[in-house]
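K.L.:
have a look at this prediction, sequence included:
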Amino acid sequence: MRAVRERPSPNFDQRRSPPDMLVLHYTGMKTAQAAVERLCDPEAKVSAHYIVDEDGEILRLVPEERRAWHAGRGVWQGEADCNAASIGIEIVNPGHEFGYRDFPDAQIAAVLELVADIRGRWTIPDARIIGHSDLAPERKQDPGERFPWKRLAGEGHGLWFEPAPERVAALGAPLGPGDEGLGVIVLRAGLHRLGYALEPGGEYDDLTRITVEAFQRHWRQAKVDGIADGETRATLMGVLQLATAESVTGVL
Ligand SMILES: [Zn+2]
C-alpha cells in the first residue's frame with residue numbers, strides 16, 4: 001500500500017459501530033484543490049475519509065474509526081444512516097457538471113489499493129460496495145458511468161455480472177415510464193432487494209426511472225436512459241443472484 005498523506009478535516013463525529021459499507025464518489029468540482037478545501041471547511045460540513053487525486057495521490061481527511069459526512073440523505077439495504085455505516089472515498093473528477101472525464105489509470109490503481117487495504121481492516125460485503133448515486137439516486141450521479149466498476153470487481157471488490165445474449169433476448173420488450181404489471185413488479189422488487197430505497201409494488205413511476213438510471217450507471221454503463229430493457233433486467237437478476245449467494249455464504 002502506497003503512502004497516505006494526512007490532511008485532517010474537522011468535519012466528522014463518532015461512530016457507534018464498525019463500518020460495513022464502502023461508498024465511492026467523484027468530487028464534482030473544477031479542481032482537486034477546491035475539493036480538498038471544501039471537504040476541510042468547517043462551514044461546509046462535508047468530508048470523506050479519503051480523497052484520491054488523478055495522479056494517484058491519496059489524502060486521509062478523517063480516520064476510518066470516525067464518522068465522516070459524505071453520504072447525506074439516502075438509503076442502501078435498509079440502512080438510512082449511510083455515513084454511520086460506511087467509509088467514503090472521494091475520487092477527483094470534475095463530474096457531470098464541470099466536464100466528466102475518464103478516471104486515469106494511476107488514479108484507479110490507487111483506488112484499488114485503497115479499497116483492498118480498507119477491506120483488510122473491516123468486513124465489507126461486495127454487495128455493500130456502492131456509488132453515491134446508488135444510495136441517493138434522486139440527488140446524485142457520482143461516481144458515474146465512467147467509473148470502472150467492472151475492473152474493481154475483477155480485482156475482487158464489488159459485484160459484476162454480464163448476461164448471456166440468449167437471456168437478454170428471452171426477456172422481451174423494454175419496460176419504461178407508465179408501464180405496469182408483473183414485469184414492473186418484478187423489476188421494482190429486484191431493485192429493492194439489491195438495496196435501492198425504491199419500494200416494491202406500483203407502476204413504472206418517476207422514482208423507478210431514476211432508480212433504473214442509478215442501476216445502469218453502476219452495472220450497465222453503456223446506456224444510461226432509465227429504460228429497463230432486457231439487458232438491464234437480465235443484469236439485475238444476475239447481480240441479485242451474486243448478492244444472494246454472498247449473503248448466504250456470509251451466514252454459513
Ligand atoms: Zn458523492
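P.N.:
Nice, thanks for sending it over.
K.L.:
can you give me every residue that contacts the spatially most central residue of the chain?
P.N.:
Centroid check for the chain by C-alpha atoms, centre = their mean gives Gly131 as the closest residue, at 1.3 Å. Residues in contact with Gly131, defined by C-beta atoms under 8 Å, 6 or more residues apart in numbering, are 23-25, 140, 142-144, 147, 149, 214, 217-218. Heads up, the C-betas are built off the backbone N, CA and C, glycines and all.
K.L.:
where does pLDDT dip in the protein?
P.N.:
Scanning the chain for pLDDT under 70 picks out 250-252.
K.L.:
give the other helices and strands that the longest helix anywhere in it contacts.
P.N.:
Residue-count comparison of every helix in the chain, with assignments taken from DSSP state H, identifies helix 230-251 as the longest. Here helix 230-251 touches helix 165-170, helix 182-194, helix 206-219, going by 3 or more C-beta pairs under 8 Å, 6 or more residues apart in numbering; DSSP states H and E.
K.L.:
contacts for the shortest one, please.
P.N.:
Contacts with helix 165-170, where a contact means C-beta under 8 Å, 6+ apart, come from 230-231, 234.
K.L.:
between these, which is closest to the ion?
P.N.:
The shortest approach to the ion among these belongs to Glu231, at 26.4 Å (C-beta to the ion).
K.L.:
isn't the closest one right up against Glu162?
P.N.:
No: at 9.1 Å, Glu231 and Glu162 do not qualify as touching, with contact defined as C-beta atoms under 8 Å.
K.L.:
neighbour-wise, which of these two wins?
P.N.:
With other C-beta atoms under 10 Å as the criterion, Glu231 and Glu162 differ in neighbour count, and Glu231 comes out ahead with 20 against 12.
K.L.:
got a list of what that one touches?
P.N.:
Here Glu231 is in contact with 163, 168, 220 (criterion: C-beta under 8 Å, 6+ apart).
K.L.:
most neighbours, which of those?
P.N.:
Within these, Arg220 tops the neighbour count with 24 neighbours, counted by other C-beta under 10 Å.
K.L.:
quick one: it and Ala35, what's the gap?
P.N.:
Arg220 is 28 Å from Ala35, where distance means C-beta to C-beta, to the nearest Å.
K.L.:
one more: Val75?
P.N.:
Separation of Val75 from Ala35 (C-beta to C-beta): 25 Å.
K.L.:
between those two, which has more neighbouring residues?
P.N.:
Applying other C-beta under 10 Å to Val75 and Ala35 shows that Ala35 carries more neighbours, namely 24 against 18.
K.L.:
tell me how many other residues crowd the residue nearest to the more buried one when sequence neighbours are not counted.
P.N.:
Distances taken as C-beta to C-beta, 6 or more residues apart in numbering place Thr27 nearest to Ala35, at 3.8 Å, with adjacent residues excluded. The local packing of Thr27 (other C-beta under 10 Å) involves 25 other residues.
K.L.:
quick one, phi psi at Thr27?
P.N.:
The main-chain torsion angles of Thr27 are listed as degrees, to the nearest 10 and equal phi -70, psi -30.
K.L.:
quick check, Ala234 in contact with Leu171.
P.N.:
Yes: at 5.8 Å, Ala234 and Leu171 qualify as touching, with contact defined as C-beta under 8 Å.
K.L.:
which residue does the stretch 101-250 of the chain have closest to the ion?
P.N.:
Using C-beta to the ion, the single residue of the stretch 101-250 of the chain nearest to the ion is His132, 3.4 Å away.
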